[in-house]
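1. got a structure for you, letters missing:
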Ligand code: SF4
């Protein structure tokens, strides 16, 4: 019932956002046409570079470890219909977390949706209401306005995070701290997996 191009799968701790520090099995799906300049997973852009794996096999791999939740990321995972993957994971009692730019309509039923909008290809409007978490990457000061632009469309329950772009980390972090102090509805997200050297 369907295959997906898989860049990598691994069991680790979620490094960023609301679920930071929790154990999760990561499934990175290949294919992304957004081309963020600072993308840290450029190797995932071309789906044709990766093997197509049966969805049942992907779920089988998850169940081989003690994972209770899965993070589906990319690439841009919404380049594919994820309905069947979500259904299979749900049937196996695995919680499903999605990391997406939201540029295409959301498919599948998720326990948690993290929307990380990208200026090159802004989110599909209906996706804002479905987001549990808005995570905006800040690489320079103008990104604060981009964050606010997106925040006006989210629901009241949605958590708001600002995350420094890794290569600008040291330079931009003090500005993010100041911004959050002035705008306390936002929280800081750090890429803690990179800080502690895990995948
Ligand atoms: Fe990279 Fe994500 Fe941007 Fe795609 S959306 S280019 S995977 S950072």
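-> Received the coordinates, thanks. Bear in mind the structure is a predicted one, so any value in this text is a computation, not a measurement.

2. residue 72 should be in a helix, yeah?
-> No - per DSSP: H, G, I helix; E, B strand; the rest coil, residue 72 lies outside any helix segment and is strand.

3. residues in contact with it?
-> 27, 29, 82, 85, 96, 97, 98, 99 (C-beta atoms under 8 Å, 6 or more residues apart in numbering). Every C-beta, even on glycine, is put in place using the N, C-alpha and C of the backbone.

4. if we go to 6 Å?
-> 27, 98 (C-beta atoms under 6 Å, 6 or more residues apart in numbering).

5. that one and residue 159: what is the separation?
-> 19 Å (C-beta to C-beta, to the nearest Å).

6. scan this structure for its longest helix.
-> As assigned by DSSP state H, the longest helix anywhere in the chain is helix 169-182.

7. buried sites along that one?
-> Going by neighbour count (16 or more other C-beta atoms under 10 Å), the buried part of helix 169-182 is 169, 172, 175, 176, 179, 180.

8. repeat for stretch 2-15
-> Quick answer for stretch 2-15 (16+ other C-beta under 10 Å): 4, 5, 6, 7, 9, 11, 13, 14, 15.

9. nearest to residue 38, of these?
-> residue 15 (16.6 Å; C-beta to C-beta).

10. quick one, phi/psi of that closest one?
-> Main-chain torsions, residue 15, degrees, to the nearest 10: phi -90, psi -20.

11. what residues does this structure put near the ligand?
-> Applying C-beta under 6 Å from any ligand atom, we find that the chain lies next to the ligand at 32, 34, 35, 36, 39, 41, 44, 74, 75, 76, 101, 118.

12. now, of the residues you listed, which are buried?
-> 32, 34, 36, 39, 44, 74, 75, 76, 101, 118.

13. strands - which of the residues you listed land there?
-> Among these, the members falling in strands (DSSP state E) are residue 74.

14. in CSV: the buried ones among the residues of the chain next to the ligand, plus pLDDT.
-> Output for those, formatted as CSV (pLDDT from 0 to 100):
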residue, pLDDT
32, 97
34, 96
36, 96
39, 96
44, 97
74, 96
75, 96
76, 98
101, 98
118, 97
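
15. now for the buried ones among the residues of the chain next to the ligand: which two are most distant?
-> Farthest apart among those by C-beta to C-beta are 44 and 118. That separation is 14.1 Å.

16. per-residue confidence at residue 131?
-> The confidence metric pLDDT takes the value 98 at residue 131.

17. ok, and the closest non-adjacent residue to it?
-> Counting by C-beta to C-beta, 6 or more residues apart in numbering, residue 131 lies nearest to residue 115, which is 3.9 Å off, once chain neighbours are set aside.

18. the one you found contacts residue 134, correct?
-> Yes - using C-beta atoms under 6 Å, residue 115 makes contact with residue 134 at a distance of 5.4 Å.

19. give me the common contacts of those two.
-> Common contact partners of residue 115 and residue 134 (C-beta under 6 Å, 6+ apart): none.
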